[in-house]
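K.L.:
coords please:
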Amino acid sequence: MSGQSVLRQGDTGPEVLELQLALAALGMNIASVDGTFDGVTDSAVRQFQSAVGLSETGIVDEDTWSQLGGQSFSSGERVQLDAAALPSIARAIHFSDDVHAYLSDLGIDPSILTDDIV
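P.N.:
Purely as a prediction, here's the structure:
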């Protein structure tokens with residue numbers, strides 16, 4: 001599975017932190033980016049899974065990591081999401097330094113992102 005662990009509610013550690021940063025970068029409601037897979041993180045995972053057409057299991061497996069841009073995601077590819085299915089990315093702004101670094105790692109220029117609805 002290209003280095004990413006399967007994660008679920010109750011897990012803790014740096015991979016959970018990475019997951020929370022990825023979800024926050026997509027505008028998901030993450031109460032705190034603290035490396036603890038709690039109920040809020042579980043809800044955000046399920047919402048993300050639903051938005052990208054995966055089964056809403058709350059378990060972050062290879063398919064979920066791939067959709068999030070994880071290790072099994074080719075750096076040349078981009079995830080296309082229905083913006084209407086996701087909450088505003090503005091929620092992630094208070095994590096701005098981490099989010100900007102994460103988006104930059106994905107090849108996304110964070111300065112072009114806005115909360116405007118077109």
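K.L.:
where's Ala25 relative to Ser55, distance?
P.N.:
For Ala25, the distance to Ser55 equals 22 Å [C-beta to C-beta, to the nearest Å]. The way it works is simple: take the backbone N, C-alpha and C, and place the C-beta from them, glycine included.
K.L.:
so which of the two has more stuff around it?
P.N.:
Ala25 (25 against 12; other C-beta atoms under 10 Å).
K.L.:
please look at that one and Tyr102 and confirm they touch.
P.N.:
Yes. Using C-beta atoms under 8 Å, Ala25 is in contact with Tyr102, at 5.0 Å.
K.L.:
tell me the buried residues in stretch 41-59?
P.N.:
By 16 or more other C-beta atoms under 10 Å, the buried positions in stretch 41-59 come out as 41-49, 51-52, 54, 58-59.
K.L.:
which one of those residues is nearest Leu68?
P.N.:
Phe48 (7.3 Å; C-beta to C-beta).
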